[in-house]
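*Asks:* Sequence below, structure please.
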Amino acid sequence: MLRSLFYFILISFVLGCKTSYLTKPFDYSELPNKPYYEKKESWAVIPGAYPDELKAFENLNNNEDVDVFYIYPTIFTNPKLSDWNANIFNNKIRKDILSTAIKYQASCFSSVGNLYVPFYRQSHYRSFIDLTKNPDNYKSWEIAYKDIEDAFVYYLNNYNDGKPIIIASHSQGSLLARRILKKFFDGKPLQNRLIAAYIPGIKILKEDFTEIKLMTNPEQFGGFVSWNTYKRNKLPKNYDLWYKGGVTSNPISWDSQKKIDNEFHLGLLYYDNKIYPKSLKIELIDGMVWTTIPKVPNRLLIILASFLTKKGKDFHFADINLFWEDIKQNSIVRINKWKEINQIK
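*Replies:* The predicted model follows:
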């Protein structure tokens, strides 16, 4: 994932071209077939049928009494496709989801609890680029959300069986997770079973929820954490709109510390399936986590990309796998604390 992205960055710089996206008016009659979550083919990951992409991370799950519901980020990005929503029955789209988001993000939860990941007709990337109030964007987003809501309701009614829940997501997935948390957890009885919500990759405000609180202690449960990652001492062009004022959790210490040295970093997941601990330092600013360039193989390629292009400074794509082991271990800490307080062995 990291390697392919940096090659893309370098190629884009050499070609000097700006990506343009095909588009067309939204038409409900052209939507791809909807998923039916009573069928296993509508799930990217479900206990008892984990895909091969998780085999490298497979180890004993000591928390079979805990569920993780994960919503993946925007994978539907092909500029040559004018479709508004992804066809989850398209083999390439399914493969892309499994080989990127499932392998590099959802994998950190695969041994934490029972992992559930629904395929959904996510919105095309271009719907988030157009900042005009195009009603077609909202129509597309509603299709994506309705799929996730259907999946979550089916999961609750058929799989959960009263177990505590971790909600995990990234980017577009976090936009949808925020709505799921608002509708099903915030001030509702189900909030008592919420261990944690890890929802990075978008601007989240404390005020987005009424009863679900920002967690500022690594042992807290029942609340949420969120962050956005960028190269240290740099700001994106859209910083004021997309980042400033947003919640910025510390994805290493999980407390109020503003700076963390690399010795406390538990580890990132790299494209070679290896975990690299103590590989980066971070600093928290308003709405953003600044990170150093990770100390990993081919680091010079990353440094070069960060100098040559704006994309090379943006670590949005790696919001989770930069802190892969940190998230995994912290989720276990929160699970254990939830069980202790609720007197569950």
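
*Asks:* tally of neighbours for Ser20?
*Replies:* Neighbourhood size, Ser20 [other C-beta atoms under 10 Å]: 9. C-beta coordinates here come from the backbone N, C-alpha and C atoms, glycine included.

*Asks:* In contact with it: list those residues for me.
*Replies:* Counting by C-beta atoms under 8 Å, 6 or more residues apart in numbering, Ser20 touches Pro79.

*Asks:* what's the spacing between it and Asn85?
*Replies:* As defined by C-beta to C-beta, to the nearest Å, Ser20 lies at a distance of 20 Å from Asn85.

*Asks:* Just the strands from this protein, written as ranges.
*Replies:* In the chain, the strands defined using DSSP state E lie at 43-45, 67-71, 114-118, 165-169, 194-198, 223-225, 229-231, 259-260, 268-269, 275-276, 282-285, 288-291.

*Asks:* who wins for proximity to Ile204 among these?
*Replies:* Ranking the strands of the chain by proximity to Ile204 (C-beta to C-beta) places strand 223-225 first, at 7.2 Å.

*Asks:* buried stuff in that closest one?
*Replies:* Gly223, Phe224, Val225 (16 or more other C-beta atoms under 10 Å).

*Asks:* which among the residues you listed gets closest to Val112?
*Replies:* Val112 has its nearest neighbour among the buried residues of strand 223-225 in Val225, at 14.9 Å by C-beta to C-beta.

*Asks:* so how far is His265 from the closest one?
*Replies:* In this view, Val225 and His265 are 16 Å apart by C-beta to C-beta.

*Asks:* Same check on Lys259?
*Replies:* Lys259 is 12 Å from His265, by C-beta to C-beta.

*Asks:* Same question for Asn330.
*Replies:* Distance, Asn330 to His265, using C-beta to C-beta: 13 Å.

*Asks:* what do you get for Thr23?
*Replies:* 41 Å.

*Asks:* and the two? which has more neighbours close in?
*Replies:* More crowded of Thr23 and His265, by other C-beta under 10 Å: His265, with 26 against 17.

*Asks:* wait, isn't the more buried one in contact with Ser279?
*Replies:* Yes. Using C-beta atoms under 8 Å, His265 is in contact with Ser279, at 6.1 Å.

*Asks:* ok, which stretches of the stretch 201-345 of the chain are helices?
*Replies:* Along the stretch 201-345 of the chain, counting by DSSP state H, counting those that start in this stretch, helices occupy 239-242, 299-308, 324-341.

*Asks:* Residue nearest the middle of the chain, spatially speaking?
*Replies:* With distances taken as C-alpha atoms, centre = their mean, the residue of the chain nearest its centroid is His170 (1.9 Å).

*Asks:* Dump stretch 224-243 to PDB, restricted to CA.
*Replies:* Extracted in PDB, the C-alpha atoms of stretch 224-243 (Å, rounded to 0.1, in the frame of the first residue of the first chain):
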ATOM      1  CA  PHE A 224     -14.400   8.100  20.800                       C
ATOM      2  CA  VAL A 225     -11.000   9.100  19.500                       C
ATOM      3  CA  SER A 226     -10.100  10.700  16.100                       C
ATOM      4  CA  TRP A 227      -7.100  12.200  14.400                       C
ATOM      5  CA  ASN A 228      -5.700  13.300  11.000                       C
ATOM      6  CA  THR A 229      -2.100  12.900  10.100                       C
ATOM      7  CA  TYR A 230       0.200  15.200   8.100                       C
ATOM      8  CA  LYS A 231       3.900  15.700   7.700                       C
ATOM      9  CA  ARG A 232       5.500  17.700  10.600                       C
ATOM     10  CA  ASN A 233       5.600  21.500  10.200                       C
ATOM     11  CA  LYS A 234       3.400  21.400   7.100                       C
ATOM     12  CA  LEU A 235      -0.200  22.400   6.600                       C
ATOM     13  CA  PRO A 236      -2.500  21.400   3.700                       C
ATOM     14  CA  LYS A 237      -4.100  24.100   1.600                       C
ATOM     15  CA  ASN A 238      -7.600  23.200   3.000                       C
ATOM     16  CA  TYR A 239      -6.400  23.100   6.600                       C
ATOM     17  CA  ASP A 240      -8.900  25.700   7.900                       C
ATOM     18  CA  LEU A 241     -11.900  24.000   6.300                       C
ATOM     19  CA  TRP A 242     -11.100  20.300   6.800                       C
ATOM     20  CA  TYR A 243      -8.900  20.100   9.900                       C
END
